[in-house]
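[1] curious how this folds, go ahead:
(one chain, ligands or ions: 1)
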Amino acid sequence: MRRLRIPAPAPAGGPRAPGSRAPLALAVPALIAVAFLLLPLVGILARTTWSELGTHLTSPGVLEALRLSLLVSFCALGLALLLGVPLAWLLARVSFPGKALVRSLVLLPMVLPPTVGGVALLLGFGRRGLLGPWLEGTFGIVLPFHTSGAVVAATFVAMPFLVISLEGTLAGLRTSYEETAASLGASPVRVFCTVTLPMVAPGLAAGAALTWARALGEFGATITFAGNLPGATQTLPLEVYLLLQDSPEAATSVSLLLLVIAMAVLICLRGRWTGATTGRPARVVRPADDTALPAPPATDTVEPGTGSAAPGERWPLHAEVTGFNQLTLDAGPGTTIAVVGPNGAGKTTLLRALLGLTPRARAALRLGDTDVGALPPHRRGVAWVPQDGALFPHLTALTNTAYGLRAHGTPRAEARRTAQQWLDRLGVGPLAHRRPAQLSGGQAQRVALARALAARPRLLLLDEPLAALDQTTRAHVRHTLRAHLAAFGGVCLLVTHDPVEAVSLADRVLVLDDGRALQDAPPAEVTRHPRSPWVARMLGRNAWPGTAAGDGLALADGGRLVLADRLPEGVRALAIIAPEAVSVHLDKPAGSPRNVWPGTVREITSAGSRLRVLVTSDRAPDLVAEITPSAALELGLADGVSVWTSVKATEVSVVTL
Ligand SMILES: Nc1ncnc2c1ncn2[C@@H]1O[C@H](COP(=O)(O)OP(=O)(O)OP(=O)(O)O)[C@@H](O)[C@H]1O
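    Residues are numbered from 1 along each chain as shown. Below you'll find the model as predicted:
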């Protein structure tokens, strides 16, 4: 039996090649650097008079300075949170002119000598500064030589730590969570408080801890701007400075205290601030095992109190989209439209335009009798299920599902009851208490769908809802979707690359290309007469565009195809050939088929119980034939084998373009 060797995990702190050693030329200066940083700290420890430590730290002057330091540092932290959190959000989320300048401004106090910072504060907020006289005249506030001045100075130098840390975390947080929350009806402030802040909490905590530690140790700006008044502005660092002249041992003891506090903060953060604070890791969508769950009921007459399919709630759709997408959409209530098209065709942009989330396309949107195109995303009644579900990781399945209801003002108990009903309907009721990280891919998709439907949308947008699922789960969730879309009183747009999904779930298939509607027809019509080679190929057909000439088509990719019925000369058309209609031979076939080409087998793949054989030829475009495995065996087909392919003219269907 062969045993698998599992490689040992990379050591913490980054990958290292086995047996690799740091080169001496780097290791020596690095060690000197460590010693350089360590030595002063060891100096403090070595020179501390441990027997006197208690006396030094409990002297009235030190206790007063400690009290003041704590007051000033916590006030500075509060002020930094109040101002810095919105600023970090703005820098991370909004594009505006001069953003780089604002970011530099935020960083400036970190590189500015603190005394220069103090001078700048004096010139800005001092009694003779730009704002000082107004502050004094209007509010009677004089910042210099007052505790509030020490708070301002500490905030000035410490706030950058908070802003940088939080901005980095926000930048690492995918916007789909916030956009989904808005699509569920949450206002921007609600989204910020209930989704953004909880999700960036680790980064915020790290930034806050550093900010507080920096404010606690602030010296230069404080002494320059606020002075050194005992009981008012004389904080611990200033006390150390004074003690150094009169009582160096006491200064060492207080320094030790500040050192211990700073080290404690850094040890608690364990380097998170320097790069690991990019929000919680995205949930990994695992292949799902839904077999433990009850299959969702196919038809369900229980209607939650706020269900979207309640009698009377019917929402036809009218949309005129301009910008990158240029199309008009009209659909009756209950219609499901599959949106298909090649990569970059504008499917996601269309959904984002309907949500009001992109400036690249704009939708004049009417749902029922209401024009919602001018409303912000959270007031449109358009729910969105992005490809990854975007379940809020800090909420359970139940609270995720209740989110939209709560955003619409439903009382908590009622929202939870209704959410539980929706989860039950979608067959994931028993998982209500689980967090998204504890759900499989299929379960998470059902919860995401329950959450969207529970919000009572007037338009439902599903972006490749089944893409992340394995085949078995896909069939399960497709079944669930079909049952619930049938009961949905609005229009549903479903982006997909899967022909089975498009044909089995949709009443119409909207084919997009370059932002425009190439075809908008029932699935049967699109299957019979696809109007683009891409759709035909998506449906598993061979599709050759060409121009009518003589008794056939002059193919755009070179070669000729004979048709059963002549087309008017010069007409552009798409020839569709089902792979089953293509015959593969080892020798040139004699007799009836007039479309015969020599070629070479390039690829053989399985398609259910049959094989698909890709044949390339210099006399015709690539052609896929579908044959049985026994026929392939008989012909000895393999990559590189020379073959002949033939198609009867009567087997070619033609769509004029
Ligand atoms: N933020 C953006 N800025 C500029 N161009 C963009 C932006 N987002 C998308 N695009 C471009 O717009 C076009 C449509 O993109 P879109 O994401 O809507 O395509 P799609 O049909 O959803 O593609 P896919 O199937 O790959 O998801 C593409 O050419 C894409 O490069």
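
[2] helices or strands up against whichever strand or helix holds Gln245?
    Per DSSP states H and E, Gln245 falls inside helix 236-246. Counting contacts by 3 or more Cβ pairs under 8 Å, 6 or more residues apart in numbering; DSSP states H and E, helix 236-246 packs against helix 60-93, helix 220-225, helix 248-269. For the C-beta atoms, the positions are set from N, CA and C on the backbone; glycine is no exception.

[3] how about the helix or strand just after the first one: buried residues?
    Following helix 60-93 in sequence order, the next helix or strand is helix 99-111 (DSSP H and E). Of the residues in helix 99-111, Arg103, Val106, Pro109 count as buried by neighbour count, 16 or more other Cβ atoms under 10 Å.

[4] got it, and stretch 405-423?
    Buried residues in stretch 405-423 (16+ other Cβ under 10 Å): 405-408, 410, 415-416, 418-423.

[5] taking the centroid of the chain, which residue is nearest it?
    Arg174 (3.1 Å; Cα atoms, centre = their mean).

[6] now it, what are its backbone angles?
    Dihedral pair for Arg174: phi -60, psi 140, per degrees, to the nearest 10.

[7] pLDDT at it, what is it?
    pLDDT for Arg174: 88.

[8] from now on call the first residue 426
    Noted, 426 is the first residue going forward, which turns the last one into Arg599.

[9] and it, how far is that from Ala579?
    Counting by Cβ to Cβ, to the nearest Å, the separation of Arg599 from Ala579 is 34 Å.

[10] so which residues on the stretch 776-925 of the chain come close to the ligand?
    Arg785 (Cβ under 6 Å from any ligand atom).

[11] how about the strands in the stretch 776-925 of the chain?
    Along the stretch 776-925 of the chain, counting by DSSP state E, counting those that start in this stretch, strands occupy 786-792, 795-796, 807-810, 884-888, 916-920.

[12] could the helices and strands packed on helix 661-671 be laid out in JSON lines, adding mean neighbour count and mean pLDDT?
    Formatted as JSON lines, the helices and strands packed on helix 661-671 follow (neighbours: other Cβ atoms under 10 Å; pLDDT from 0 to 100):
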{"stretch": "helix 485-518", "mean neighbour count": "19", "mean pLDDT": "92"}
{"stretch": "helix 645-650", "mean neighbour count": "25", "mean pLDDT": "90"}
{"stretch": "helix 673-694", "mean neighbour count": "17", "mean pLDDT": "86"}
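
[13] now those in TSV, with distance to Arg883?
    What follows is the helices and strands packed on helix 661-671, written out as TSV (distance: least, Cβ to Cβ, whole Å):
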stretch	distance to Arg883
helix 485-518	27
helix 645-650	55
helix 673-694	46
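
[14] out of these, nearest to the ligand?
    Closest approach to the ligand among the helices and strands packed on helix 661-671 is made by helix 485-518 (14.2 Å; Cβ to the nearest ligand atom).

[15] Leu937 should be in a strand, yeah?
    Yes. Using DSSP: H, G, I helix; E, B strand; the rest coil, the assignment for Leu937 is a strand.

[16] just checking, it touches Lys772?
    Yes. Shown here, Leu937 and Lys772 form a contact pair, counting by Cβ atoms under 8 Å, at 5.8 Å.

[17] now for the two: what residues contact both?
    Contact criterion Cβ atoms under 8 Å, 6 or more residues apart in numbering; residues shared by Leu937 and Lys772: Val764, Val765, Gly766.

[18] pick the one among these closest to Gly565.
    Of all the shared contacts of Leu937 and Lys772, Gly565 sits closest to Val764, with 63.2 Å by Cβ to Cβ.
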